[in-house]
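Undergrad: coordinates for the following, if possible.
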Amino acid sequence: MTYENRVKYDKELYENLRVDCQKCFGFCCVALYFSASEGFPIDKDAGKPCINLQSDFKCAVHRNLKDKGLKGCTAYDCFGAGQRVAQSTYGGQDWRRNPETAKQMFDVFLVMRGLHEMLWYLTEALRIQCDSNMQEKISSMISETRKLTDLDADSLIRIDLVVHRSKVNPLLSKTSEALRAEACRGKKTALKAKKRIAGRLDFIGADLKKINLKGEDLRGAFLIAADLRGVDLSGADLIGADLRDADIRGANLSNSIFITQGQINSAKGDSNTKLPISIIRPAHWDK
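TA: I've put the predicted structure just below:
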């Protein structure tokens, strides 16, 4: 694949994996369980509409999520699954006009969200992977996963996400290991062991400004309110890391591994924060 075709291919994949609420039916505001303690408006059961969901499926407070402290809403990302289910799987038929299929729609949305999340990580892996053999394997898995998203509602519900993820994860891990090894080349010090919470590194509120984090394995790490100002996170694997209120002003994440839009949306950045080409700079950072 030529460089030009690769760029075009990546762009097409990313565009399909970005949220477009205008084409959705507010699935994330209905299908999910909410907890006020996690930054959502209220405690809400799955299948019950959020109090801020309007009749046109738009959020009444969307422009003020950050000001209202609704960090859960700010950070959530369906990876474009919402509009895919609304416009493709159900052909524009919403759950309010078709209440008999509402439960199925919500279940399908959750499956589609899982598939789109895997597609996001696979697309990132393809973008940063240099080994041609691995590129071929990743491309093949992207094609296989995209075919699953084309299935009808009944078939989508029957998909075992755990089984499919078991085929995706090794490709992501191998990509991460190769890139982290390259980023750590010549590095004299490694990140010292820290205490863990449920097996995940605990850096909650930690001052990490003077620590060399290039190429570090931060998968699933708790980086809540951590001070990462000016830190170079090149080659650091951030898949699943909790960046809520992490201060990344002036930090370099342009070559970080497996960062998502939702993680960036939940952090505190500025115009000096360097982001990967796959990430859109949050509008609320300028406020």
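
Undergrad: mind checking pLDDT for residue 284?
TA: pLDDT recorded at residue 284 is 81.

Undergrad: hmm, it is touching residue 66, no?
TA: Yes - applying CB atoms under 8 Å, one finds residue 284 in contact with residue 66, separated by 4.5 Å. Placement of C-beta: from N, CA and C, glycine included.

Undergrad: which neighbours do these two share?
TA: Residues touching both residue 284 and residue 66 by CB atoms under 8 Å, 6 or more residues apart in numbering: residue 74.

Undergrad: residue 112 is in contact with residue 84, correct?
TA: Yes - Residue 84 is within contact range of residue 112, at 5.7 Å (criterion: CB under 8 Å).

Undergrad: now do the domain split for the chain, please.
TA: Domain assignment for the chain, taken from automatic domain parsing, gives 3-32+76-181, 184-287.

Undergrad: got these as CSV, with mean neighbour count and distance to residue 42 columns?
TA: Listed next are those as CSV, based on neighbours: other CB atoms under 10 Å; distance: least, CB to CB, whole Å:
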stretch, mean neighbour count, distance to residue 42
domain 3-32+76-181, 17, 12
domain 184-287, 18, 19
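
Undergrad: let's have the ones you listed in a markdown table, adding distance to residue 48.
TA: Shown next, in a markdown table, are the domains of the chain (distance: least, CB to CB, whole Å):
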| stretch | distance to residue 48 |
| --- | --- |
| domain 3-32+76-181 | 7 |
| domain 184-287 | 22 |
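
Undergrad: next SSE after the worst-scoring helix or strand of the chain on mean pLDDT?
TA: Lowest on mean pLDDT, DSSP states H and E among the helices and strands of the chain sits helix 3-16, with a mean of 64. The C-terminal neighbour of helix 3-16 among helices and strands, as given by DSSP states H and E, is helix 71-75.

Undergrad: where do the strands sit along the stretch 151-287 of the chain?
TA: Assigned by DSSP state E, counting those that start in this stretch, the stretch 151-287 of the chain shows strands spanning 196-197, 200-201.

Undergrad: now tell me which of the ones you listed the model trusts least on average.
TA: strand 196-197 (a mean of 88).

Undergrad: what strands line up against that strand, and which way round?
TA: In the sheet, strand 196-197 lines up against strand 200-201 (antiparallel) (DSSP bridges).

Undergrad: show residues contacting the partner strand.
TA: With CB under 8 Å, 6+ apart as the criterion, strand 200-201 contacts 194, 218, 220-222.

Undergrad: before we move on, what about stretch 97-115?
TA: With contacts defined as CB under 8 Å, 6+ apart, stretch 97-115 is touched by 25, 27-28, 30-31, 46-47, 78-79, 81-82, 84-85, 89-90, 93, 95-96, 145, 148-149, 153, 156-157, 159, 161, 164-165.

Undergrad: please name whichever of the strands of the stretch 151-287 of the chain is nearest to residue 239.
TA: strand 200-201 (11.8 Å; CB to CB).

Undergrad: how much space between the residue of the chain most remote from its centre and residue 257?
TA: Farthest-out residue of the chain from its mean C-alpha position, per CA atoms, centre = their mean: residue 188, at 31.5 Å. Here the criterion is CB to CB, to the nearest Å. By it, residue 188 lies 21 Å from residue 257.

Undergrad: which residues of this structure fall in helices?
TA: Counting by DSSP state H, one finds helices in the chain at the ranges 3-16, 71-75, 81-84, 102-128, 132-149, 153-157, 161-183, 261-266.

Undergrad: now distance to residue 249 too, for those, in TSV please.
TA: As requested, the helices of the chain are exported to TSV (distance: least, CB to CB, whole Å):
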stretch	distance to residue 249
helix 3-16	25
helix 71-75	17
helix 81-84	30
helix 102-128	23
helix 132-149	33
helix 153-157	41
helix 161-183	22
helix 261-266	12
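
Undergrad: to residue 236, which of those lies closest?
TA: Here helix 161-183 is closest among the helices of the chain (CB to CB), at 7.4 Å.

Undergrad: which residues touch the closest one?
TA: 111, 114-115, 118, 121-122, 125, 128-131, 134, 137-138, 141, 145, 148, 214-217, 219, 234-237, 239, 255, 257-258.
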